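S.K.: Need coordinates for the below:
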Amino acid sequence: MAYEELLEEQREETRAIIEELLEDGSDPDALYTIEHHLSCDSFEALEKAAVDAFKLGYEVTEPEELELEDGSTVMCVDILSELALKPELIDAQVEQLVNLAGKHDVDYDGWGTYFEDPDAEDEEEGDYLDEDDDGVRH
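M.R.: Okay, here's the model as predicted:
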C-alpha cells in the first residue's frame, strides 16, 4: 500500500474509533492509553523499530510471537502513549510511527485504546490534558 494511501486509511480509522468510543459514552476529556501495533517476521528489525520508538519517548511493550490464521508467526510489539482523544494528535503519532516502521521494514498495524468510564474515580492523581501536546514524541 502506498504511503499516502496508508495514512489516509489510518485517518479514517482514527475518526471511526473515536466516534464509536464517544457514541458508547466514553469520557471525552480523559487521557487515553493509545497502543500502536507493529509487527514483522524479523525479530531484529522489530527490535530496532522498538528501540527507536523508545528513544522518541514512547513506552514499548515486550515483543511477543503471534500465530496468524494461516499458521505462520510474526513478532509484534505495542508502542504506547497517553493522549487526549483528538484525531489530530493521534494522526501525528500515526504518521511518525508509520515513518519509523517504513525505516525498519516492519508493518504498522493500526492503533487501539480502551473505553474510559466518565463516572469512574480517577485512579491516578495528576492526569490532565496538556494543551500544548502535539502528539509527536521527540
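S.K.: Distance from the chain centre to the strand ranked longest in the chain, please.
M.R.: In the chain, assigned by DSSP state E, the strand with the most residues is strand 73-84. Put simply, strand 73-84 sits 6 Å off its chain's centre (CA atoms, centre = their mean, to the nearest Å).
S.K.: Check stretch 37-45 too.
M.R.: Centre-to-centre, stretch 37-45 and its host chain are 15 Å apart (CA atoms, centre = their mean).
S.K.: Now the longest strand of the chain - C-alpha only, CSV.
M.R.: The C-alpha coordinates for strand 73-84 follow below in CSV (Å, rounded to 0.1, in the frame of the first residue of the first chain):
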residue,chain,number,x,y,z
THR,A,73,4.1,-16.5,13.0
VAL,A,74,5.1,-12.9,13.4
MET,A,75,6.7,-10.9,16.1
CYS,A,76,4.7,-7.9,17.4
VAL,A,77,5.1,-5.1,19.8
ASP,A,78,2.9,-2.2,21.1
ILE,A,79,4.1,1.3,21.2
LEU,A,80,2.3,3.2,23.9
SER,A,81,1.5,6.8,24.7
GLU,A,82,-1.1,8.8,26.6
LEU,A,83,-3.1,11.3,24.7
ALA,A,84,-6.4,13.2,24.6
